[in-house]
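>>> here is a sequence with its predicted model. Questions after.
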Amino acid sequence: MTDAMAGGRFPDDEPLSAAGRRQAGPLHTAGRALAGPEVRTRQTAELLGLRACIEPQLADLDCGNWRGRALHDIAPTELRAWLSDPGLAPHGGESIVELIDRVATWLTQYGDAGKTVAVTHPAVIRAAILAALDAPPKSFWRIDIAPVSQTVLHHRDGAWTVRL
């Protein structure tokens, strides 16, 4: 949880809020630990007791010039277009389709790497689920990912499954 999340603003590279620091606690794991490059993911990994390597492909969805802005500050037509067409990026950043492609590429690289804990963002987790299930990008906004939750993907015989 960050102040932007609590305030209904698009994310920027900001630290965890006091509530976000309370939500994270030690995570005991064996295997590789990775984190997105943003301050909040690095802080979360540390609070989880992980010595995570930074993985640029786990970066949050690039919201371009909408970073840090509240929803009510965005032109309603641009916001509607972005929410209804996963191929658009009216903010000048990354589209949902581009995010899914980036995360699918990352999954391909780590499919046979053994147990990996990735500390990342709800948008990246949604993209990973869609890539794992080969689901359409229009389903992106139908997946709710809570802060400091766990999503488990399992790779076997060249295919991903969503386990939790």
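Received, thanks.

>>> how about the strands of the protein, start to end?
32-35, 53-54, 116-119, 153-156, 159-162 (DSSP state E).

>>> run through who's touching the second one.
Pointing back at strand 53-54 there. 32, 33, 34, 35, 36, 37, 42 (Cβ atoms under 8 Å, 6 or more residues apart in numbering). C-beta: built from backbone N, CA, C; applies to glycine.

>>> can you pull the contacts of the residue lying closest to the last one once chain neighbours are set aside?
Pointing back at residue 42 there. Spatially, and ignoring its direct neighbours in sequence, residue 42 is nearest to residue 35 (5.5 Å; Cβ to Cβ, 6 or more residues apart in numbering). Contacts were defined as Cβ under 8 Å, 6+ apart; by that measure residue 35 touches 41-42, 44-45, 50, 52-55, 58, 118-120.

>>> longest helix in the chain, please.
With residue count as the measure and DSSP state H as the assignment, the chain has helix 96-110 as its longest helix.

>>> quick one: low-confidence parts of the chain?
Residues of the chain that meet the criterion pLDDT under 70 lie in 23-30.

>>> would you map the helices across it?
Under the criterion DSSP H, the chain contains helices at 3-6, 18-23, 39-47, 76-84, 96-110, 122-133.

>>> extract the CA atoms of the shortest one and return them as CSV.
Think helix 3-6. Output for helix 3-6, consisting of C-alpha atoms alone and laid out as CSV, is shown next (Å, rounded to 0.1, in the frame of the first residue of the first chain):
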residue,chain,number,x,y,z
ASP,A,3,-0.2,6.9,-0.4
ALA,A,4,-1.1,7.0,-4.2
MET,A,5,-3.0,3.7,-3.8
ALA,A,6,-4.9,4.9,-0.8
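
>>> returning to what we had before: want to throw the helices of the chain into TSV with mean neighbour count and distance to residue 160?
Supplementary listing: the helices of the chain in TSV, determined by neighbours: other Cβ atoms under 10 Å; distance: least, Cβ to Cβ, whole Å:
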stretch	mean neighbour count	distance to residue 160
helix 3-6	16	27
helix 18-23	14	27
helix 39-47	21	22
helix 76-84	13	26
helix 96-110	18	7
helix 122-133	22	4
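
>>> can you put those helices in a markdown table and add distance to residue 67?
Supplementary listing: the helices of the chain in a markdown table, determined by distance: least, Cβ to Cβ, whole Å:
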| stretch | distance to residue 67 |
| --- | --- |
| helix 3-6 | 9 |
| helix 18-23 | 18 |
| helix 39-47 | 13 |
| helix 76-84 | 14 |
| helix 96-110 | 15 |
| helix 122-133 | 13 |
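
>>> closest to residue 147 out of those?
Checking those against residue 147 by Cβ to Cβ gives helix 18-23 as the closest, at 5.9 Å.
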